[in-house]
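Trainee: the following comprises the amino acid sequence and a computationally predicted model.
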There are 2 protein chains.
Amino acid sequence: MEKIFTIDKPLNLECKRTLYPPIHIAYETYGTLNNDKTNAILVCHALTGSACAYSENTDKKGFWDVIIGPNKAIDINKYFVISSNVLGSCYGSSGPSSINPKKNKPYALDFPIVTIKDMIDAQRLLIESLGIKKLLCVIGGSMGGMQVLQWAKTYPHMVRSAVAIATTYRHNAVQIAFNEVARQAVINDPLWMGGNYYGVDFPKYGLSIARMVGHITYLSQNSMEKKFGRNLVRDKLDFNFSVNFQVESYLHYKGEQFTQRFDANSFLYLTKAIDYFDLQQDCPSLEDALAQSINIKFLVISFSSDWLYPKEQSKRIVNALESIGADVSYKNINYDLGHDSFLLEAVEQNFIIGNFLKFL
Amino acid sequence: MEKIFTIDKPLNLECKRTLYPPIHIAYETYGTLNNDKTNAILVCHALTGSACAYSENTDKKGFWDVIIGPNKAIDINKYFVISSNVLGSCYGSSGPSSINPKKNKPYALDFPIVTIKDMIDAQRLLIESLGIKKLLCVIGGSMGGMQVLQWAKTYPHMVRSAVAIATTYRHNAVQIAFNEVARQAVINDPLWMGGNYYGVDFPKYGLSIARMVGHITYLSQNSMEKKFGRNLVRDKLDFNFSVNFQVESYLHYKGEQFTQRFDANSFLYLTKAIDYFDLQQDCPSLEDALAQSINIKFLVISFSSDWLYPKEQSKRIVNALESIGADVSYKNINYDLGHDSFLLEAVEQNFIIGNFLKFL
């Protein structure tokens, strides 16, 4: 069940601006915190995720039901699992669609730019409010993995182990490029209105196109070919600009569906946060950035078919950790569903993550 | 110098509609046709190319100056080179921005959907008008390569040799997906106005976004990383939604530049033509589709860093040609500039194509 943690003091952000209270962080917990508070696992979600990582309720779907639950890798009978919605999102945590207490209307673009570091700063306050001094594990995929790495860098004394999946230590030019195209699709939709669309309408076409381009990068060439190939929607080519191919229909559906569940401004803020993410920013090297993380036990996972966050980026993290002498395990899982594999693959992830946690 | 070939009879199209005269095909020729008319090479351009394949004038740039010219692979002192703008384009050939003779205003979406086969049907009339019975070679990259393959399938008796570069025998799901995102960016721009924007304004934001997404697919991950990495436009992060990274600035520039030179409706028509392209359509296999091409000498070239038209697609063409017993050479060129390599690589292409033509 979703709960709201309220930060009642100002939060200083990396952009040098201050977010003023009340600042809300939506979160869920699963399982029971043990007496010495040593069984807590923080789950960090990806770009458009929410605090709902797990759900026993079959009507509702947790984004990581494949690895969280009784007898799964993140066993809620053994661990106390905390999952919180990131700052800047639209699922209960403070973000551009939240009411700006100073103006009594939604922040829109008055909301300050938040970074991955800002997200985990807010998470830290939540964790401390629960009386937890050290997390048994911080785990997440994609943008969640960036939060994991940032935790390891910024609050290493609060992290026993870290699992970074399908992620990178910094966004590269291609990753930034795809996000910028998606943002421009939103920003150039006239209904975006400089971000001030709340209560009027919303930039659904722009946001849909943004999701379509994103969605292509989440899948693999192979899986798209197997799933759709050149299959048509009708029995022959239409010779017009309507939807002809099933892959087009699928993308339209995914785009449209996304506009019904996600705030366009939050999309801009969160893609900017991942573009800005650079773990080695202000450090001479990635090794230096991770130097304080030497006592954390790491697990890094990539997927063979993930071309958005290719395994080379994971390997670079592993090499940096090895060269500073940290305890790191790495697995590139052969799985065909592209970047989305981390949300879908149920066998190897359960085995590898389950064993990693068991032997902490 | 650009010339216009006018087709003065109706052209029956694959969509079962008819394009009525006057139908214009813009073309250029370089070099001199020999007496027995056996030294003609037809150059086919890519998606947004024009008839201008070569220019001695340094002010004007031919799209394939790297391999066309005196002492280059396509040596204009030896060969008679014909380059024509495709049907549906906006560079002199009939397309959606042309005047519909029946209505005395631009066709816009009244222009029928054209296919790669329709394009080469029009080219055939041009070639015949020049008194050429058999082309020494048909050559092209990307969409140009599709025209090459279609020539080999449809008019094998008119083709002595065929060079297909950085191309495919049919668009796959990912290729269609990227094009559909680009089309939706145009179509959802309110200034597109159902295609009837001529004389009013034009969908510049949509077309720019379309080009931005296309441009990412034309480059390679490596080359983008080397060229831009995380380099900033200014000396630090701006913490806003303006252009922060050089890669963003580059894409904006490329997008904007494209809107100044290309018609949005032509973009829709030509991307649709390549999405519809399937050489083995109505054939049990690719081998069957190429069965009539057995007497043509083939050269297939792919580029190591081209992830839009990956080498596997070229290899499939080569395998099909080998299995029907055709004479085919294949080279995967190691070059780092992604799909665009075919427009840029000057050394190996000149050597391989030059030798191929020399020994015909």
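Mentor: Sure thing, it's come through.

Trainee: and the stretch 51-200 of chain A, which residues reach chain B?
Mentor: A:109, A:112-113, A:170-174, A:176-178, A:180-181, A:183-185, A:187-190 (C-beta under 8 Å from any C-beta of the partner chain). C-betas here are computed from N, CA, C, even on glycine.

Trainee: in helices, which of those appear?
Mentor: Judged by DSSP state H, these include A:A173, A:V174, A:I176, A:A177, A:F178, A:E180, A:V181, A:R183, A:Q184, A:A185, A:I187 as members of helices.

Trainee: which ones are touching the fourth one?
Mentor: What it means is A:A177. By C-beta atoms under 8 Å, 6 or more residues apart in numbering or on different chains, A:A177 lies in contact with B:M212, B:I216, B:M224, B:V247, B:E248, B:L251.

Trainee: the third one against A:I176, yeah?
Mentor: No - with contact defined as C-beta atoms under 8 Å, B:M224 does not count as touching A:I176 (9.2 Å).

Trainee: returning to that earlier point: near chain A too, which of the contacts of A:A177?
Mentor: When the contacts of A:A177 are filtered against chain A using C-beta under 8 Å from any C-beta, the residues retained are B:M212, B:I216, B:M224, B:V247, B:E248, B:L251.

Trainee: nearest residue to the last one in space, please, no chain neighbours.
Mentor: Same thing as B:L251. B:M212 (4.5 Å; C-beta to C-beta, 6 or more residues apart in numbering or on different chains).

Trainee: may I see the buried residues of whatever helix or strand that neighbour lives in?
Mentor: Assessed by DSSP states H and E, B:M212 sits inside helix B:204-218. The neighbour-count check on helix B:204-218 (16 or more other C-beta atoms under 10 Å in any protein chain shown) flags B:204-218 as buried.

Trainee: what of stretch A:102-116?
Mentor: By neighbour count with 16+ other C-beta under 10 Å, stretch A:102-116 contains the buried residues A:P106, A:Y107, A:A108, A:F111, A:P112, A:I113, A:V114, A:T115, A:I116.

Trainee: list the contacts for the first one?
Mentor: Translated: A:P106. Here A:P106 is in contact with A:P96, A:S97, A:S98, A:I99, A:N100, A:Y198, A:G199 (C-beta under 8 Å, 6+ apart).

Trainee: surely the first one meets A:P112?
Mentor: So the one you mean is A:P96. No - in this structure A:P96 lies outside contact range of A:P112 using C-beta under 8 Å: 9.6 Å.

Trainee: and A:A273, helix, strand or coil?
Mentor: Under DSSP: H, G, I helix; E, B strand; the rest coil, the three-state class of A:A273 is helix.

Trainee: next one: stretch A:96-107 to chain centre, how far?
Mentor: Distance of stretch A:96-107 from the chain centroid (C-alpha atoms, centre = their mean, to the nearest Å) equals 24 Å.

Trainee: show me where the stretch 251-360 of chain A has helices.
Mentor: Listed in chain order, the helices of the stretch 251-360 of chain A (DSSP state H, counting those that start in this stretch) span residues A:264-276, A:286-289, A:311-323, A:341-344, A:348-358.

Trainee: strands of chain A, residue ranges please.
Mentor: A:3-7, A:11-12, A:18-19, A:23-30, A:40-44, A:80-84, A:99-100, A:105-106, A:137-141, A:161-165, A:297-303, A:327-333 (DSSP state E).

Trainee: from the contact counts, what lies against the second one?
Mentor: Put plainly, it is strand A:11-12. strand A:18-19, helix A:116-129 (3 or more C-beta pairs under 8 Å, 6 or more residues apart in numbering or on different chains; DSSP states H and E).

Trainee: so where is the stretch 51-200 of chain A shaky, pLDDT-wise?
Mentor: Judged by pLDDT under 70, the stretch 51-200 of chain A has no weakly predicted residues.

Trainee: at the geometric centre of chain A, which residue sits there?
Mentor: A:A46 (1.5 Å; C-alpha atoms, centre = their mean).

Trainee: which residue packs closest to that residue, ignoring adjacent ones?
Mentor: Excluding the flanking residues, the one nearest A:A46 by C-beta to C-beta, 6+ apart is A:S142, at 3.9 Å.

Trainee: spit out the contact partners of the one you found.
Mentor: Contacts of A:S142 (C-beta under 8 Å, 6+ apart): A:A46, A:L47, A:I165, A:A166, A:T167, A:Y309, A:H339, A:F342.

Trainee: let's see that with 6 Å instead.
Mentor: With contact set as C-beta atoms under 6 Å, 6 or more residues apart in numbering or on different chains, A:S142 has these partners: A:A46, A:A166, A:T167.

Trainee: please apply the same query to A:D263.
Mentor: For A:D263, the contact set (C-beta under 6 Å, 6+ apart) comprises A:C90, A:S97.

Trainee: and the pLDDT at it?
Mentor: If you check A:D263, the pLDDT there is 98.

Trainee: ok, back up a step: any chance of the contacts of A:A177 in a markdown table, with pLDDT too?
Mentor: Formatted as a markdown table, these follow (pLDDT from 0 to 100):
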| residue | pLDDT |
| --- | --- |
| B:M212 | 98 |
| B:I216 | 97 |
| B:M224 | 96 |
| B:V247 | 98 |
| B:E248 | 98 |
| B:L251 | 98 |
